[in-house]
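1. I'd like to go over a predicted model; first the sequence, then the structure.
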Amino acid sequence: MDFGQSVLLGAAAGLVGGIMGIGGGMIIVPALVLLASLGQHEAQGVSLTVVAITSLVGAVAHYRQGTVRLQTVAWVVPSAVICGVFGAQLATDLDADVLRKVFGVVVLVMSLAMLLGKGSE
Amino acid sequence: MNTSDKIRKRVALIGIGAFDGLFSGLTGIGGGAVIVPLLVTALKIPQHQAHGTSLAIIVLIASAGVPVYAAQESVDWLLAAELAAGSIAGVVVGAKIMPRIRADHLRRAFGVFLALVAIRMLFS
(Lines give C-alpha, C1' and ligand atoms only; values in the text may rest on other atoms or scores of the structure.)
Protein backbone atom coordinates (compact mmCIF):
# COMPACT_ATOMS: atom_id res chain seq x y z
CA MET A 1 0.00 0.00 0.00
CA ASP A 2 1.61 3.28 -1.09
CA PHE A 3 1.41 6.67 0.63
CA GLY A 4 -1.60 7.95 -1.34
CA GLN A 5 -3.59 4.76 -0.83
CA SER A 6 -3.04 4.65 2.91
CA VAL A 7 -3.93 8.34 3.41
CA LEU A 8 -7.05 7.75 1.30
CA LEU A 9 -8.01 4.67 3.30
CA GLY A 10 -7.51 6.63 6.52
CA ALA A 11 -9.72 9.44 5.19
CA ALA A 12 -12.46 7.00 4.17
CA ALA A 13 -12.31 5.30 7.57
CA GLY A 14 -12.43 8.62 9.42
CA LEU A 15 -15.27 9.93 7.26
CA VAL A 16 -17.50 6.87 7.51
CA GLY A 17 -16.54 6.18 11.12
CA GLY A 18 -17.29 9.77 12.06
CA ILE A 19 -20.71 9.74 10.40
CA MET A 20 -21.66 6.29 11.76
CA GLY A 21 -20.42 6.94 15.26
CA ILE A 22 -18.09 3.95 15.16
CA GLY A 23 -14.34 4.09 15.24
CA GLY A 24 -12.39 3.92 12.00
CA GLY A 25 -10.81 0.65 13.15
CA MET A 26 -13.85 -1.30 12.01
CA ILE A 27 -12.92 -0.25 8.44
CA ILE A 28 -9.13 -0.06 8.72
CA VAL A 29 -8.58 -3.62 9.98
CA PRO A 30 -10.60 -5.43 7.25
CA ALA A 31 -9.16 -3.13 4.55
CA LEU A 32 -5.58 -3.87 5.61
CA VAL A 33 -6.26 -7.61 5.83
CA LEU A 34 -8.37 -8.05 2.69
CA LEU A 35 -6.88 -5.39 0.39
CA ALA A 36 -3.31 -4.87 1.60
CA SER A 37 -2.63 -8.49 2.63
CA LEU A 38 -1.44 -7.58 6.12
CA GLY A 39 -1.62 -10.27 8.79
CA GLN A 40 -4.48 -9.99 11.27
CA HIS A 41 -2.12 -9.08 14.13
CA GLU A 42 -0.27 -6.45 12.07
CA ALA A 43 -3.57 -4.89 10.93
CA GLN A 44 -4.89 -4.72 14.50
CA GLY A 45 -1.66 -3.22 15.85
CA VAL A 46 -1.70 -0.50 13.18
CA SER A 47 -5.42 0.11 13.74
CA LEU A 48 -5.01 0.52 17.49
CA THR A 49 -2.23 3.07 16.90
CA VAL A 50 -4.41 5.02 14.46
CA VAL A 51 -7.29 4.88 16.98
CA ALA A 52 -5.06 6.26 19.75
CA ILE A 53 -3.92 9.22 17.61
CA THR A 54 -7.33 10.00 16.11
CA SER A 55 -9.13 9.72 19.46
CA LEU A 56 -6.60 12.05 21.06
CA VAL A 57 -7.46 14.76 18.53
CA GLY A 58 -11.18 14.18 19.11
CA ALA A 59 -10.81 14.05 22.90
CA VAL A 60 -8.91 17.38 22.98
CA ALA A 61 -11.65 19.03 20.89
CA HIS A 62 -14.34 17.66 23.22
CA TYR A 63 -12.37 18.65 26.31
CA ARG A 64 -12.21 22.26 25.08
CA GLN A 65 -16.00 22.20 24.62
CA GLY A 66 -16.39 20.85 28.14
CA THR A 67 -17.97 17.56 27.01
CA VAL A 68 -15.48 15.20 28.68
CA ARG A 69 -16.68 13.97 32.09
CA LEU A 70 -13.38 13.55 33.88
CA GLN A 71 -14.90 11.80 36.89
CA THR A 72 -16.45 9.16 34.63
CA VAL A 73 -13.13 8.74 32.81
CA ALA A 74 -11.36 8.29 36.16
CA TRP A 75 -13.72 5.45 37.20
CA VAL A 76 -13.64 3.65 33.85
CA VAL A 77 -9.95 3.91 33.02
CA PRO A 78 -8.21 1.63 35.58
CA SER A 79 -10.15 -1.52 34.67
CA ALA A 80 -10.21 -0.45 31.00
CA VAL A 81 -6.43 -0.11 30.77
CA ILE A 82 -5.74 -3.36 32.63
CA CYS A 83 -8.21 -5.28 30.47
CA GLY A 84 -6.95 -3.45 27.36
CA VAL A 85 -3.45 -4.79 27.95
CA PHE A 86 -4.88 -8.23 28.75
CA GLY A 87 -7.01 -8.19 25.57
CA ALA A 88 -4.04 -7.17 23.43
CA GLN A 89 -1.93 -9.91 25.04
CA LEU A 90 -4.69 -12.42 24.35
CA ALA A 91 -4.80 -11.28 20.71
CA THR A 92 -1.05 -11.68 20.24
CA ASP A 93 -1.22 -15.15 21.81
CA LEU A 94 -3.96 -16.28 19.42
CA ASP A 95 -3.33 -17.82 16.03
CA ALA A 96 -3.85 -15.33 13.16
CA ASP A 97 -6.61 -17.50 11.66
CA VAL A 98 -8.48 -17.71 14.98
CA LEU A 99 -8.07 -13.97 15.59
CA ARG A 100 -9.40 -13.25 12.12
CA LYS A 101 -12.51 -15.33 12.86
CA VAL A 102 -13.01 -13.52 16.19
CA PHE A 103 -12.79 -10.23 14.32
CA GLY A 104 -15.22 -11.51 11.69
CA VAL A 105 -17.79 -12.29 14.39
CA VAL A 106 -17.40 -8.77 15.83
CA VAL A 107 -17.96 -7.24 12.38
CA LEU A 108 -21.00 -9.48 11.88
CA VAL A 109 -22.54 -8.37 15.19
CA MET A 110 -21.85 -4.74 14.27
CA SER A 111 -23.50 -5.19 10.87
CA LEU A 112 -26.62 -6.64 12.52
CA ALA A 113 -26.69 -3.71 14.95
CA MET A 114 -26.53 -1.35 11.95
CA LEU A 115 -29.25 -3.20 10.04
CA LEU A 116 -31.65 -3.82 12.91
CA GLY A 117 -30.93 -0.82 15.16
CA LYS A 118 -33.11 2.25 15.21
CA GLY A 119 -30.16 4.52 14.57
CA SER A 120 -30.58 6.95 17.42
CA GLU A 121 -27.12 8.46 16.94
CA MET B 1 -28.08 10.43 44.82
CA ASN B 2 -27.84 8.09 47.83
CA THR B 3 -24.85 5.95 48.69
CA SER B 4 -26.03 2.66 47.20
CA ASP B 5 -26.82 4.41 43.89
CA LYS B 6 -23.35 5.89 43.87
CA ILE B 7 -21.77 2.50 44.50
CA ARG B 8 -23.91 0.85 41.82
CA LYS B 9 -22.89 3.54 39.34
CA ARG B 10 -19.21 3.10 40.11
CA VAL B 11 -19.38 -0.68 39.81
CA ALA B 12 -21.10 -0.19 36.44
CA LEU B 13 -18.29 2.14 35.30
CA ILE B 14 -15.60 -0.34 36.36
CA GLY B 15 -17.49 -3.11 34.53
CA ILE B 16 -17.86 -1.01 31.39
CA GLY B 17 -14.12 -0.30 31.50
CA ALA B 18 -13.24 -3.97 31.85
CA PHE B 19 -15.50 -5.02 28.97
CA ASP B 20 -14.45 -2.24 26.64
CA GLY B 21 -10.76 -2.68 27.41
CA LEU B 22 -10.88 -6.38 26.64
CA PHE B 23 -12.88 -5.79 23.45
CA SER B 24 -10.59 -3.03 22.22
CA GLY B 25 -7.33 -4.85 22.97
CA LEU B 26 -8.52 -8.09 21.43
CA THR B 27 -9.86 -6.56 18.20
CA GLY B 28 -7.59 -3.55 17.70
CA ILE B 29 -10.53 -1.20 17.23
CA GLY B 30 -11.52 1.62 19.55
CA GLY B 31 -14.66 0.28 21.10
CA GLY B 32 -16.54 3.58 20.95
CA ALA B 33 -19.44 1.70 19.37
CA VAL B 34 -19.61 -0.33 22.59
CA ILE B 35 -18.84 2.28 25.22
CA VAL B 36 -21.07 5.14 23.97
CA PRO B 37 -24.37 3.17 24.11
CA LEU B 38 -23.40 1.80 27.55
CA LEU B 39 -22.72 5.29 28.92
CA VAL B 40 -25.96 6.60 27.43
CA THR B 41 -28.28 3.75 28.46
CA ALA B 42 -26.75 2.49 31.71
CA LEU B 43 -25.65 5.83 33.13
CA LYS B 44 -27.97 8.30 31.40
CA ILE B 45 -25.08 10.42 30.20
CA PRO B 46 -26.17 12.74 27.34
CA GLN B 47 -25.06 11.59 23.87
CA HIS B 48 -22.63 14.44 23.21
CA GLN B 49 -20.91 14.05 26.60
CA ALA B 50 -20.83 10.28 26.14
CA HIS B 51 -18.93 10.80 22.86
CA GLY B 52 -16.39 13.15 24.42
CA THR B 53 -15.95 10.95 27.49
CA SER B 54 -15.58 7.76 25.43
CA LEU B 55 -12.89 9.37 23.24
CA ALA B 56 -10.83 10.27 26.32
CA ILE B 57 -11.17 6.68 27.60
CA ILE B 58 -10.28 5.20 24.20
CA VAL B 59 -7.07 7.25 23.97
CA LEU B 60 -5.88 5.59 27.19
CA ILE B 61 -7.08 2.06 26.33
CA ALA B 62 -5.50 2.17 22.86
CA SER B 63 -2.26 3.67 24.19
CA ALA B 64 -2.06 0.80 26.69
CA GLY B 65 -2.65 -1.84 24.00
CA VAL B 66 -0.25 -0.53 21.34
CA PRO B 67 2.98 -1.46 23.19
CA VAL B 68 1.71 -5.04 23.56
CA TYR B 69 1.24 -5.32 19.79
CA ALA B 70 4.52 -3.46 19.17
CA ALA B 71 6.39 -5.94 21.38
CA GLN B 72 5.43 -8.61 18.82
CA GLU B 73 6.81 -6.36 16.05
CA SER B 74 3.28 -5.98 14.74
CA VAL B 75 3.13 -2.22 14.28
CA ASP B 76 4.13 -0.47 11.04
CA TRP B 77 4.50 3.06 12.45
CA LEU B 78 4.77 4.80 9.08
CA LEU B 79 1.59 3.14 7.82
CA ALA B 80 -0.16 4.08 11.07
CA ALA B 81 0.93 7.73 10.71
CA GLU B 82 -0.34 7.90 7.10
CA LEU B 83 -3.67 6.35 8.05
CA ALA B 84 -4.00 8.65 11.07
CA ALA B 85 -3.34 11.76 8.94
CA GLY B 86 -6.07 10.73 6.52
CA SER B 87 -8.37 9.67 9.32
CA ILE B 88 -8.18 12.99 11.19
CA ALA B 89 -9.09 14.84 7.98
CA GLY B 90 -11.93 12.37 7.38
CA VAL B 91 -13.37 12.76 10.86
CA VAL B 92 -13.36 16.58 10.55
CA VAL B 93 -15.16 16.45 7.19
CA GLY B 94 -17.54 13.74 8.44
CA ALA B 95 -18.55 15.80 11.47
CA LYS B 96 -19.27 18.80 9.21
CA ILE B 97 -21.47 16.97 6.71
CA MET B 98 -23.15 14.63 9.21
CA PRO B 99 -26.17 16.90 9.91
CA ARG B 100 -26.99 17.02 6.17
CA ILE B 101 -26.95 13.26 5.62
CA ARG B 102 -29.82 10.79 5.82
CA ALA B 103 -28.00 8.69 8.41
CA ASP B 104 -30.65 5.93 8.51
CA HIS B 105 -30.17 5.04 4.83
CA LEU B 106 -26.43 5.20 5.20
CA ARG B 107 -26.56 2.91 8.23
CA ARG B 108 -28.44 0.26 6.27
CA ALA B 109 -25.98 0.45 3.38
CA PHE B 110 -23.05 0.28 5.77
CA GLY B 111 -24.66 -2.64 7.61
CA VAL B 112 -24.84 -4.61 4.35
CA PHE B 113 -21.22 -3.68 3.57
CA LEU B 114 -20.07 -4.88 7.00
CA ALA B 115 -22.02 -8.14 6.60
CA LEU B 116 -20.10 -8.82 3.36
CA VAL B 117 -16.81 -7.99 5.06
CA ALA B 118 -17.69 -10.34 7.94
CA ILE B 119 -18.46 -13.19 5.51
CA ARG B 120 -15.13 -12.68 3.73
CA MET B 121 -13.27 -12.71 7.03
CA LEU B 122 -15.09 -15.76 8.39
CA PHE B 123 -15.12 -17.95 5.29
CA SER B 124 -11.91 -17.35 3.39
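-> Structure's in. What do you need? Keep in mind it's a predicted model, so treat the numbers as computed, not measured.
2. And for B:Ala33, nearest residue in space, chain neighbours not counted?
-> Nearest residue to B:Ala33 in three dimensions, chain neighbours excluded: A:Ile22, at 4.3 Å (C-beta to C-beta, 6 or more residues apart in numbering or on different chains). All C-beta atoms are positioned from the backbone trio N, CA, C, and that covers glycine.
3. same question, B:Ala81
-> Per C-beta to C-beta, 6+ apart, closest to B:Ala81 is A:Ile53, 7.9 Å.
4. Show me what counts as buried in the helix or strand harbouring that neighbour.
-> Assessed by DSSP states H and E, A:Ile53 sits inside helix A:40-65. Buried residues in helix A:40-65, defined by neighbour count with 16 or more other C-beta atoms under 10 Å in any protein chain shown: A:40-59, A:61-62.
5. Quick one: low-confidence residue ranges for chain B.
-> B:1 (pLDDT under 70).
6. quick one, domains of chain B?
-> Domain assignment for chain B, taken from automatic domain parsing, gives B:1-75, B:76-124.
7. which phi and psi does the residue nearest to A:Val85 when sequence neighbours are not counted have?
-> Leaving aside its sequence neighbours, A:Val85 sits nearest to B:Ala64 (C-beta to C-beta, 6+ apart; 5.2 Å). B:Ala64 adopts backbone torsions of phi -70, psi -30, taken as degrees, to the nearest 10.
8. To what extent is B:Ala64 buried, counted in neighbours?
-> 24 (other C-beta atoms under 10 Å in any protein chain shown).
9. A:Leu116 now?
-> 10.
10. ok, the most centrally placed residue in chain A - contacts?
-> In chain A, the residue lying closest to the centroid (C-alpha atoms, centre = their mean) is A:Gly25, at 3.0 Å. Contact analysis of A:Gly25 by C-beta atoms under 8 Å, 6 or more residues apart in numbering or on different chains lists A:13, A:17, A:47-48, A:50-51, B:27-30.
11. ok, back up a step: tell me the mean pLDDT for the helix holding A:Ile53?
-> Averaging pLDDT along helix A:40-65 yields 93.
12. which strands and helices sit next to it?
-> Helices and strands touching helix A:40-65, by 3 or more C-beta pairs under 8 Å, 6 or more residues apart in numbering or on different chains; DSSP states H and E, are helix A:3-20, helix A:25-34, helix A:70-93, helix A:96-116, helix B:3-27, helix B:47-71, helix B:77-97.
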